[in-house]
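**Student:** Below is the sequence, then the predicted model.
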Amino acid sequence: MIIVGKNQNSEEKSIRILKIIKRLYQKEILNGTDLANEFNVDIKTVQRDIETLRAYFLEENGAEIKYSKSKKGYYLEENSETSFTNEELLAISKIILESRAFNKNETQTLINKLINHSSGNDRETIKGLINSEKSNYIPLQHGQNLLTVIWNLAQHIKKQELIHINYTTKDKQGKNYNIKPLSVMFSEYYFYLIAYIENKEEYPAIFRIDRITEIENTGKKFKILDYSEKFKDGEFRKYIHFMHSGPFTKIEFKYRGYIEYVLDKFPTAEILDEKIVKENNRETTVYTVKIEVYGSFGAEMWLRSQGDYVIEYKILK
């Protein structure tokens, strides 16, 4: 905790300290003489401020205030386990832009906040690398604000609250459901709510979050008594494709092509057999693959999209 002595300048000192903290977090390089002139104090006062903050940061989160001779200023080197590197910030910014998950306003806000966490010298570099994508960003058609809705749904999931939702289907029909929310997932442009529909719990239902027009807490709760019954996001994701749910299904197919592509697409894929065949005077490997999925629609849609690479497929009993 930073303690400021009680004297006539305590308020000025508090404001000065807070401003320095803010600028250190913004990865600025702070020159001692410039700070002294800006705050109308002597250089020793600035040095005492820096020493106070150095002890504070080190105690609180392992961060360290260092001095750069070449840049002639102080900077904050944060704990690598708790702070983002510039490389990580650039990668996350690129992922957000490519995903097109949020409307223009939320995307701009997220990117700006990420950039402000980069170091001062590299901030302009990151801006330059993403400026074109940021300026030409085309949001999805729904245009909905999602961040607050996602957070509110997360709270219902955490508290295991039965909620009532109004939902618009892709055919523009309004539906009402009482649901037990289980998880929020992202897949190919959209955020989805995974939930059990009340009294219809053979398998989870999937709702696109931007199509939920109203959420109401029913005041009731649901319980998962056994840990083995708890919904596991990672497990579910392995069995779901194109966010189409349904009964547990096994599919077997023959595939010619890059098998790595299949293994990446279907984490449950099992290669049952592989044979080398001659086609047009070229040798080609044909793989027999078995996958397990929730509902066959999404998987079949992908299989049909592969054209001649998929020779045949069948749904197993």
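**Tutor:** Happy to help now that I have it. Quick caveat, the model's predicted, so the values are computed rather than measured.
**Student:** Residue 131: what secondary structure?
**Tutor:** helix (DSSP: H, G, I helix; E, B strand; the rest coil).
**Student:** What is the neighbour count of it?
**Tutor:** 11 (other C-beta atoms under 10 Å). Placement of C-beta: from N, CA and C, glycine included.
**Student:** can you tell me how far it sits from residue 63?
**Tutor:** 29 Å (C-beta to C-beta, to the nearest Å).
**Student:** ditto for residue 126
**Tutor:** 21 Å.
**Student:** got it, and residue 193?
**Tutor:** Residue 193 is 37 Å from residue 63, by C-beta to C-beta.
**Student:** higher neighbour count, the two?
**Tutor:** residue 193 (27 against 20).
**Student:** Quick check: bridge partners of the more buried one?
**Tutor:** Counting by DSSP bridges, residue 193 forms beta bridges with residue 184, residue 207.
**Student:** ok, it - contacts?
**Tutor:** Each residue near residue 193 by C-beta atoms under 8 Å, 6 or more residues apart in numbering is listed here: 153, 179, 181, 183-184, 206-209, 212.
**Student:** Tell me how many other residues surround the residue nearest to residue 102 when sequence neighbours are not counted.
**Tutor:** Sequence neighbours aside, residue 146 is the residue nearest to residue 102 in space, at 6.0 Å (criterion: C-beta to C-beta, 6 or more residues apart in numbering). Residue 146 has 18 neighbouring residues, counting by other C-beta under 10 Å.
**Student:** Correct me if wrong: residue 146 contacts residue 192.
**Tutor:** No: counting by C-beta atoms under 8 Å, residue 146 does not reach residue 192; the two are 11.3 Å apart.
**Student:** shared neighbours of the two, which are they?
**Tutor:** With C-beta under 8 Å, 6+ apart as the test, residue 146 and residue 192 both reach residue 209.
**Student:** any low-confidence regions in the protein?
**Tutor:** Along the chain, the model assigns pLDDT under 70 to residues 1-8, 79-82, 119-121, 224-234, 239, 241-242, 317.
**Student:** Which helix runs longest in it?
**Tutor:** Secondary structure of the chain per DSSP state H: the longest helix is helix 43-61.
**Student:** Just the buried positions in the helix or strand following it, please.
**Tutor:** Moving toward the C-terminus from helix 43-61, the next helix or strand (DSSP states H and E) is strand 64-68. By neighbour count on 16 or more other C-beta atoms under 10 Å, the buried set for strand 64-68 is residue 65.
**Student:** Could you tell me how far the very next helix or strand once past strand 64-68 lies from the centre of the chain?
**Tutor:** Downstream of strand 64-68, the first helix or strand assigned by DSSP H and E is strand 73-77. Its chain's C-alpha centre and that of strand 73-77 lie 29 Å apart, by C-alpha atoms, centre = their mean, to the nearest Å.
**Student:** Which strand or helix spans the residue nearest to residue 129 when sequence neighbours are not counted?
**Tutor:** Of all residues not flanking residue 129 in the chain, residue 90 sits nearest, at 6.3 Å (C-beta to C-beta, 6+ apart). Assigned by DSSP H and E, residue 90 belongs to helix 86-99.
**Student:** do the same with residue 180
**Tutor:** strand 174-187.
**Student:** list the helices and strands that strand packs on?
**Tutor:** Judged by 3 or more C-beta pairs under 8 Å, 6 or more residues apart in numbering; DSSP states H and E, strand 174-187 is in contact with helix 147-159, strand 161-168, strand 190-197, strand 200-208, helix 233-239.
**Student:** can you do 10 Å?
**Tutor:** helix 147-159, strand 161-168, strand 190-197, strand 200-208, strand 212-221, helix 233-239 (3 or more C-beta pairs under 10 Å, 6 or more residues apart in numbering; DSSP states H and E).
**Student:** Of the ones you listed, flag the one that's most buried.
**Tutor:** strand 190-197 (a mean of 21; mean count of other C-beta atoms under 10 Å).
**Student:** how far off helix 86-99 does that one point, in degrees?
**Tutor:** 70 degrees (axes from the mean of the first three to the mean of the last three C-alpha atoms, to 10 degrees).
**Student:** any idea how far stretch 56-76 is from the chain center?
**Tutor:** With C-alpha atoms, centre = their mean, you get 30 Å for stretch 56-76.
**Student:** again with stretch 245-265
**Tutor:** 26 Å.
**Student:** Output it as CSV, nothing but the C-alphas.
**Tutor:** C-alpha atoms of stretch 245-265 as CSV (Å, rounded to 0.1, in the frame of the first residue of the first chain):
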residue,chain,number,x,y,z
SER,A,245,-26.2,-30.5,-31.8
GLY,A,246,-28.1,-33.8,-31.7
PRO,A,247,-27.9,-37.4,-30.5
PHE,A,248,-24.5,-39.0,-30.1
THR,A,249,-23.5,-40.4,-33.5
LYS,A,250,-20.6,-42.4,-35.1
ILE,A,251,-19.7,-41.8,-38.7
GLU,A,252,-17.2,-43.8,-40.8
PHE,A,253,-15.8,-42.5,-44.1
LYS,A,254,-13.0,-43.0,-46.7
TYR,A,255,-10.8,-40.0,-47.3
ARG,A,256,-8.1,-39.3,-49.8
GLY,A,257,-6.0,-36.2,-49.1
TYR,A,258,-4.2,-34.5,-46.3
ILE,A,259,-5.1,-36.6,-43.3
GLU,A,260,-3.8,-34.0,-40.9
TYR,A,261,-6.6,-31.7,-42.0
VAL,A,262,-9.2,-34.4,-40.9
LEU,A,263,-7.4,-35.0,-37.6
ASP,A,264,-7.4,-31.3,-36.8
LYS,A,265,-11.1,-30.9,-37.8
